[in-house]
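**Student:** Just the structure for this:
(chains A and B)
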2 protein chains.
Amino acid sequence: MLSNRTRAWHLSAMRIHLQNPGNDPLFDFSRAMWDAVAAQAPDVGEGHDVSIGVTPADFLACMRHAEALVCDASVIRALFPCPAPNLKLIFLTNAGLDTLAPFTWLPPNVVLMNNRGTHGAKSGEFALMSILMLANRIPAMVANQRHGVWRKLWGSVLRDRNLTVVGLGTLGGATAEHATRFGMHVTGVRAHPAPHPACARVIGTDALDEVLPETEFLVLACPLTEATRGLMTRDRLESLPSSAGVVNIGRGELLDQDALCDLLDQEHLSGAVLDVFTPEPIPPGHRLWSTRNLVISPHTSADDPLTYNKDSLAIFLDNLRALRDGRDLPNRYDIARGY
Amino acid sequence: MLSNRTRAWHLSAMRIHLQNPGNDPLFDFSRAMWDAVAAQAPDVGEGHDVSIGVTPADFLACMRHAEALVCDASVIRALFPCPAPNLKLIFLTNAGLDTLAPFTWLPPNVVLMNNRGTHGAKSGEFALMSILMLANRIPAMVANQRHGVWRKLWGSVLRDRNLTVVGLGTLGGATAEHATRFGMHVTGVRAHPAPHPACARVIGTDALDEVLPETEFLVLACPLTEATRGLMTRDRLESLPSSAGVVNIGRGELLDQDALCDLLDQEHLSGAVLDVFTPEPIPPGHRLWSTRNLVISPHTSADDPLTYNKDSLAIFLDNLRALRDGRDLPNRYDIARGY
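**Tutor:** The predicted model follows:
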């Protein structure tokens, strides 16, 4: 943990470095963005010495002084470890940090945070859209359209339908909230089955098999950990009703992708909307491209360029406030747990 | 209007005929369905002599006695006019009756009703889904998928985006309610700009041109009347921002379809989700099938087989209650107005 002395020093006037990945200007930080977010949280946002870097040279120069680093996982992969003698905090603008394991690159005594919370609005809307697309049979309509075929396909409203959401963090929680508002019966699944306000019931992962046969829509929204890797085996996917639809906004490795493709092609499942895959990018000619009743989103469900970095910076400042107040950091990443 | 004497006679024990179109058993009435709906509204649902027909012979036989007829527009087109000496009420399980004009087939003194209200839940969810699909760039993702191309396309959340909804009846009202709940700025458009609780503002159709340049999502949800036919001319479609998306759940003839296809192909509009077309079914080889960034739904947005007929019958009984209480019939169809 950070000592009290270090903490006080940090919060009076920190050296904070924001590094842009440089591969997509849509997701760049800017001085104006920092100033706007800081003005919304002046108690912890003002008084810092903030640098913004783009090139590796920018990064290495600023790391010689920076006490806090805000960047995405691609920056860590490309430029870390490096000399950073004063670094105390790393805030990553990603939620799932499984891509950075093992964490041998993390200097001792540096606190690692993810941006848990940033993705709620966007991911929740994407998940609701996906459920609505499956309920309205959009995947099959798109296939008919491709072949120039007019064929009536009837959908149904969400009210009273059974939704199972695996993972009740930011993504799954937002999904459950939307679904409950539309009158769905929502079953949440998580490691420890504590109640959740947006779920009619919450079960432990060990009870998943019991609810799959009555699941009409399955949304995977959990992090990839050793406990969740391969969670949706072929047997489990087969135990869903043939009218069921599957949504994955977590990680491709949460499910047996080949089994899912088989079941879709055999119409043992009615459809799927997937945002995550194994591998990414999906290679040309991969069977996913031509799997039946599947809609592919290129791992963009969680990220809105208009709000993403602003929301992440606001969450970073929330963590500085927690640090100042001596509270646990809400976004501290637990390497052993995996989220 | 119905005389008081007729009214009292009707409501004690009516002869009600339900005619199934016979072309899609998913949408058939059944005795069990009638009994279930009547049990929910026993004050007006019980005591009637209810017949259910499938064949033209069933229809002609029952029409010799029936006082009320419940059926869809296809039955009217195929079997009306016919001898129906006691008929007082026709309740059609369609909302848009433009396909039955001119109304010369309607016997004098028979009250015509549509099923306005039945489609709210299904259509509202379809419209919200369509807006979310456009915000998430699903039409372009589907095209990339067809070509096996992995390309990041970023969407955005609905909060603070500008939605214009033309028509604030059952469909448009439900659309506006969903959109407002997601934080959109909703402008409603209707003939007479009375306020609507789900709209930040309501304008008259004559002010439509003023809001189109700032419209990010346009939903057409009005009936087809002489006032709305061709409402979205090429000029009006061109005045939308090039990032705008269009949804049509009303009637194909509300817009200049060729202009819309041109603008989509030229990427002057970002996408469209259309449920209605000119003509229907869309013929093989029609340009609609291959228009860029367009998702085609085969005129099924409003109809959920699980709830459609039950909801329509419940609305029919609501009208019988209004008749009993001497109130205006909520679903009386105004031929001159066109809805």
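
**Student:** where do the strands sit along chain A?
**Tutor:** Secondary structure of chain A by DSSP state E: the strands cover A:15-19, A:49-53, A:68-71, A:89-92, A:111-113, A:162-166, A:185-190, A:201-204, A:217-220, A:245-248, A:271-274, A:294-296.

**Student:** Other residues contacting the third one?
**Tutor:** Which is strand A:68-71. A:10, A:14-21, A:29, A:63, A:84, A:87-93, A:312-313, A:316 (C-beta atoms under 8 Å, 6 or more residues apart in numbering or on different chains). Bear in mind the C-beta positions are built from the backbone N, C-alpha and C, glycine included.

**Student:** Show me what that strand pairs with in its sheet, parallel or antiparallel.
**Tutor:** If you go by DSSP bridges, strand A:68-71 pairs up with strand A:15-19 (parallel), strand A:89-92 (parallel).

**Student:** tell me the mean pLDDT over it?
**Tutor:** If you average the pLDDT over strand A:68-71, you get 97.

**Student:** swap in the last one?
**Tutor:** For strand A:294-296, the per-residue pLDDT values average out at 98.

**Student:** which helices and strands sit right next to it?
**Tutor:** Identification of packing neighbours for strand A:294-296 by 3 or more C-beta pairs under 8 Å, 6 or more residues apart in numbering or on different chains; DSSP states H and E yields helix A:138-146, strand A:271-274, helix B:138-146.

**Student:** and the angle for the last one with helix A:138-146?
**Tutor:** The reference is to helix B:138-146. 70 degrees (axes from the mean of the first three to the mean of the last three C-alpha atoms, to 10 degrees).

**Student:** I'd like to know which elements helix B:138-146 is packed against.
**Tutor:** So helix B:138-146, by 3+ C-beta pairs under 8 Å, 6+ apart, packs with strand A:294-296, strand B:271-274, strand B:294-296.

**Student:** so which of the ones you listed is the most packed in?
**Tutor:** Neighbour counts (mean count of other C-beta atoms under 10 Å in any protein chain shown) averaged over each of those peak at strand B:271-274, with a mean of 26.

**Student:** Is there contact, residue-wise, from that strand to chain A?
**Tutor:** No: Strand B:271-274 is not in contact with chain A by C-beta under 8 Å from any C-beta of the partner chain; minimum separation 8.9 Å.

**Student:** now that strand, how far from the centre of its chain.
**Tutor:** 17 Å (C-alpha atoms, centre = their mean, to the nearest Å).

**Student:** Strand partners (parallel or antiparallel) of that strand?
**Tutor:** strand B:245-248 (parallel), strand B:294-296 (parallel).

**Student:** so who does the residue of the stretch 201-339 of chain A found nearest chain B touch?
**Tutor:** In the stretch 201-339 of chain A, the residue that lies nearest chain B is residue A:281 (3.8 Å; C-beta to the nearest C-beta). Counting by C-beta under 8 Å, 6+ apart, residue A:281 touches A:298, B:150.

**Student:** State the pLDDT value of it.
**Tutor:** On pLDDT, residue A:281 comes in at 98.

**Student:** measure it to residue A:185 for me?
**Tutor:** 36 Å (C-beta to C-beta, to the nearest Å).

**Student:** How about the residues of the stretch 151-300 of chain A by chain B?
**Tutor:** Counting by C-beta under 8 Å from any C-beta, the stretch 151-300 of chain A sits next to chain B at A:151-159, A:181-182, A:280-282, A:284-286, A:289, A:295-300.

**Student:** Same check on the stretch 1-150 of chain A?
**Tutor:** A:24, A:26, A:121-122, A:125-126, A:128-129, A:132-133, A:135-136, A:138, A:141-142, A:144-146, A:148, A:150.

**Student:** now the strands of chain A as a markdown table including distance to residue A:306?
**Tutor:** Output for these, formatted as a markdown table (distance: least, C-beta to C-beta, whole Å):
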| stretch | distance to residue A:306 |
| --- | --- |
| strand A:15-19 | 18 |
| strand A:49-53 | 19 |
| strand A:68-71 | 19 |
| strand A:89-92 | 20 |
| strand A:111-113 | 23 |
| strand A:162-166 | 26 |
| strand A:185-190 | 29 |
| strand A:201-204 | 33 |
| strand A:217-220 | 24 |
| strand A:245-248 | 23 |
| strand A:271-274 | 22 |
| strand A:294-296 | 23 |
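
**Student:** Quick check on the residue nearest to the spatial centre of chain A: phi, psi?
**Tutor:** By C-alpha atoms, centre = their mean, chain A has its centre lying nearest to residue A:95, at 5.0 Å. With angles defined as degrees, to the nearest 10, residue A:95 sits at phi -100, psi -50.

**Student:** Contacts only, for the closest residue to residue A:243 other than its chain neighbours.
**Tutor:** Distances taken as C-beta to C-beta, 6 or more residues apart in numbering or on different chains put residue A:270 closest to residue A:243, at 5.2 Å, once the chain neighbours are dropped. Neighbour list for residue A:270: A:134, A:137, A:140, A:242, A:243, A:244, A:245, A:293 [criterion: C-beta under 8 Å, 6+ apart].

**Student:** Model confidence score at residue A:270, please.
**Tutor:** 96.

**Student:** cool, residue A:22 as well?
**Tutor:** Taking residue A:22 on its own, its pLDDT is 78.

**Student:** do the same with residue A:127
**Tutor:** For residue A:127, the model assigns a pLDDT of 98.

**Student:** That one against residue A:220, yeah?
**Tutor:** No: using C-beta atoms under 8 Å, residue A:127 makes no contact with residue A:220, being 9.8 Å away.

**Student:** anything in contact with each of the two?
**Tutor:** A:247, A:249.

**Student:** looking at the helices and strands packed on strand A:294-296, which is buried most?
**Tutor:** Taking mean count of other C-beta under 10 Å, strand A:271-274 is the most buried of the helices and strands packed on strand A:294-296, at a mean of 26.

**Student:** Just the CA atoms of it, as CSV, please.
**Tutor:** Coordinates of each C-alpha in strand A:271-274 appear next as CSV, following Å, rounded to 0.1, in the frame of the first residue of the first chain:
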residue,chain,number,x,y,z
GLY,A,271,-28.9,-16.9,-33.3
ALA,A,272,-25.9,-15.1,-31.8
VAL,A,273,-24.5,-11.6,-31.6
LEU,A,274,-20.8,-11.8,-30.8
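
**Student:** I'm done for today, thanks for sticking with me.
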